[in-house]
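In: Just a sequence and a predicted model for now, questions to come.
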Amino acid sequence: MKDEFLKDSDVKTNCPWKGEASYYDVVVDGKTAGHAAWYYPDAKEQAKNFEGMVAFWNGVTVSAD
């Protein structure tokens with residue numbers, strides 16, 4: 001993952017079965033998509049398979065380039 005495109009956001013939300021989500025702003029070429037990526041740093045037991053993965057809002061394109 002190219003961390004230079006992800007900037008920590010202060011936003012947090014809570015899912016009853018996954019736990020607390022933390023967010024990133026996605027910044028590319030000086031443009032910011034606020035809170036466009038999220039992850040579960042300490043997922044609840046039933047969602048541990050999501051822990052450490054980053055998800056992106058619809059409209060964010062991720063490329064291997």
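Out: Alright, I've got the coordinates.
In: As a check, name the ranges of all strands in the chain.
Out: 6-15, 19-28, 31-39, 54-56 (DSSP state E).
In: Going by neighbour count, list what's buried in stretch 33-50.
Out: For stretch 33-50, the buried set under the neighbour-count rule, 16 or more other CB atoms under 10 Å, comprises 33, 35-40, 43, 50. No exception for glycine: its C-beta is placed from N, CA and C like everyone else's.
In: quick one on the thing from earlier: with distance to S63 and mean pLDDT as added columns, please give the strands of the chain in CSV.
Out: Below are those laid out as CSV (distance: least, CB to CB, whole Å; pLDDT from 0 to 100):
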stretch, distance to S63, mean pLDDT
strand 6-15, 14, 95
strand 19-28, 10, 95
strand 31-39, 14, 93
strand 54-56, 12, 93
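In: Which of those has the highest mean neighbour count?
Out: strand 19-28 (a mean of 17; mean count of other CB atoms under 10 Å).
In: Quick check: neighbours of that strand in the sheet, parallel or antiparallel?
Out: Its sheet considered, strand 19-28 pairs with strand 6-15 (antiparallel), strand 31-39 (antiparallel) by DSSP bridges.
In: Export those to TSV and append columns for distance to Y24.
Out: Shown next, in TSV, are those (distance: least, CB to CB, whole Å):
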stretch	distance to Y24
strand 6-15	4
strand 31-39	4
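In: Reformat the strands of the chain into CSV and put distance to V62 next to each item.
Out: Shown next, in CSV, are the strands of the chain (distance: least, CB to CB, whole Å):
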stretch, distance to V62
strand 6-15, 11
strand 19-28, 9
strand 31-39, 9
strand 54-56, 6
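In: residues in contact with the nearest residue to V27 once chain neighbours are set aside?
Out: Closest residue to V27 apart from its sequence neighbours, by CB to CB, 6 or more residues apart in numbering: K7 at 5.5 Å. For K7, the contact set (CB atoms under 8 Å, 6 or more residues apart in numbering) comprises 24-25, 27, 32.
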